[in-house]
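In: show me the folded form of this:
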Amino acid sequence: MDALSVKNLAVTYDKQPVLENVSFSVPEGSLTGIIGPNGAGKSTLIKSILQLLPTLSGNVEVFNQPYKNQKKLIGYVPQRSEVDWEFPTNALDVVLMGRYSHIGWFKQASKKEVEWAKTCLDKVGMAAFAKRQISQLSGGQQQRVFLARALAQDAKVYFMDEPFSGVDAATENAIIKLMKQWKAEGKTVLVVHHDLQTVEDYFDHVLLLNKTPIEYGETQVVFTLNNLEKAYGGKIAFLQKGTASSQGVK
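Out: As a prediction, this is how the structure comes out:
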């Protein structure tokens, strides 16, 4: 079964096309990297799927049902730059926000829910920082808190927007471990990603995007020099490893 199906999605900004004719289907239990140059619409794609941005046209289904009926199955890790880290709350409360769709926005979290949130923090190495204000955390620690929130959601389909950007090696390893754990559990993960040299190691499927899909499918089939040159306008340096480097890509 396809976990996600996107058909004829189009998005405009200030009357200018940002995404056009976007159609693809993601199989359940896969790790998909969304790859493309700056301005390709990668983050816009995720936000429009999640109904965080208005669309001009298109249809999104999750497990063969309209997205609006399946929101409880979705987990989302936004870019750190889009989060108000000065908001007066601590790490544990941020993680508990991931449970609101289960417990209700205006209900107090039960002891069981709080313990689950603490367990999620522990899984990403942040148990000791549960009561720490998020503004006092480092960038890598902040990202781990949002990973814990995603874990707390216990979703079936996860969207992650450049989760590796600006994090330390330990946090990057924690993210990779979590992605592989989700895949092993049969969950589906879509990740906006910019480091071409790690694509083959991280993802089993790739969506090459530049305002419209260039190619989508299994990584070993799609992630080729020819397709990358189509997506990036020919500014790709070939690697001995067999794919490409983003060096020089603007």
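In: low-confidence stretches in the chain?
Out: For the chain, applying pLDDT under 70 flags the ranges 100-108, 234-250.
In: residue boundaries of the helices in it?
Out: 42-49, 91-97, 100-103, 111-123, 139-153, 169-184, 199-202, 219-222, 225-232 (DSSP state H).
In: may I have the beta-bridge partners of the residue nearest to the spatial centre of the chain?
Out: The residue lying closest to the centre of the chain (Cα atoms, centre = their mean) is Met160, at 1.4 Å. When assigned by DSSP bridges, Met160 has beta-bridge partners Val77, Val191.
In: just checking, it touches Val189?
Out: Yes. Look at Met160 against Val189 with Cβ atoms under 8 Å: they come within range, at 6.8 Å. To be clear about C-beta, it is placed using only N, CA and C from the backbone, and glycine gets the same treatment.
In: hey, what's in contact with both of those two?
Out: Met179 (Cβ atoms under 8 Å, 6 or more residues apart in numbering).
In: before we move on, back to that, out of the helices of the chain, nearest to Lys131?
Out: Closest approach to Lys131 among the helices of the chain (Cβ to Cβ): helix 91-97, 6.5 Å.
In: from the contact counts, what lies against that closest one?
Out: Counting contacts by 3 or more Cβ pairs under 8 Å, 6 or more residues apart in numbering; DSSP states H and E, helix 91-97 packs against helix 111-123, helix 139-153.
In: distance of the residue located most distally from the centre of the chain from Arg80?
Out: The centre of the chain is farthest from one residue, Lys111, which by Cα atoms, centre = their mean lies 29.4 Å away. Lys111 sits 30 Å away from Arg80, going by Cβ to Cβ, to the nearest Å.
In: would you confirm that Arg99 contacts Val114?
Out: No. Taking contacts as Cβ under 8 Å, Arg99 lies outside contact range of Val114: 9.2 Å.
In: can you tell me how far the residue lying closest to Gly186 once chain neighbours are set aside sits from Lys123?
Out: Of all residues not flanking Gly186 in the chain, Gly29 sits nearest, at 4.6 Å (Cβ to Cβ, 6 or more residues apart in numbering). Gly29 is 20 Å from Lys123, where distance means Cβ to Cβ.
In: got it, and Gln65?
Out: Taking Cβ to Cβ, one finds Gln65 at 29 Å from Lys123.
In: ok, these two, which is more surrounded?
Out: Lys123 (18 against 11; other Cβ atoms under 10 Å).
In: residue contacts, the more buried one?
Out: 148, 151, 178.
In: can you count the residues close to Pro37?
Out: 18.
In: what does it show for phi and psi?
Out: Pro37 adopts backbone torsions of phi -70, psi 170, taken as degrees, to the nearest 10.
In: then Lys156?
Out: According to degrees, to the nearest 10, Lys156 has phi -110, psi -20.
In: my guess is it meets Leu73, correct?
Out: Yes. Using Cβ under 8 Å, Lys156 is in contact with Leu73, at 4.4 Å.
In: overlap in contacts, these two.
Out: Shared contacts of Lys156 and Leu73 (Cβ under 8 Å, 6+ apart): Phe63.
In: do you know how far Pro37 is from Leu228?
Out: 10 Å.
In: could you do Gln220 as well?
Out: 14 Å.
In: what of Lys211?
Out: 16 Å.
In: which of these two has more residues huddled nearby?
Out: A side-by-side neighbour count of Lys211 and Leu228, using other Cβ under 10 Å, places Leu228 first with 29 against 20.
In: tell me if I'm right that the more buried one and Leu196 touch.
Out: Yes. Using Cβ under 8 Å, Leu228 is in contact with Leu196, at 7.2 Å.
In: CA atoms only for stretch 129-142 - export them in PDB, please.
Out: C-alpha atoms of stretch 129-142 as PDB (Å, rounded to 0.1, in the frame of the first residue of the first chain):
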ATOM      1  CA  PHE A 129      17.200  18.300  29.900                       C
ATOM      2  CA  ALA A 130      13.400  17.700  30.400                       C
ATOM      3  CA  LYS A 131      12.900  20.900  32.600                       C
ATOM      4  CA  ARG A 132      15.400  23.000  30.600                       C
ATOM      5  CA  GLN A 133      14.000  26.000  28.800                       C
ATOM      6  CA  ILE A 134      14.300  25.500  25.100                       C
ATOM      7  CA  SER A 135      16.000  28.800  24.600                       C
ATOM      8  CA  GLN A 136      18.800  27.500  26.800                       C
ATOM      9  CA  LEU A 137      19.500  24.500  24.600                       C
ATOM     10  CA  SER A 138      22.100  24.300  21.800                       C
ATOM     11  CA  GLY A 139      21.000  23.900  18.200                       C
ATOM     12  CA  GLY A 140      21.600  20.200  18.200                       C
ATOM     13  CA  GLN A 141      19.800  19.800  21.500                       C
ATOM     14  CA  GLN A 142      16.800  21.700  20.200                       C
END
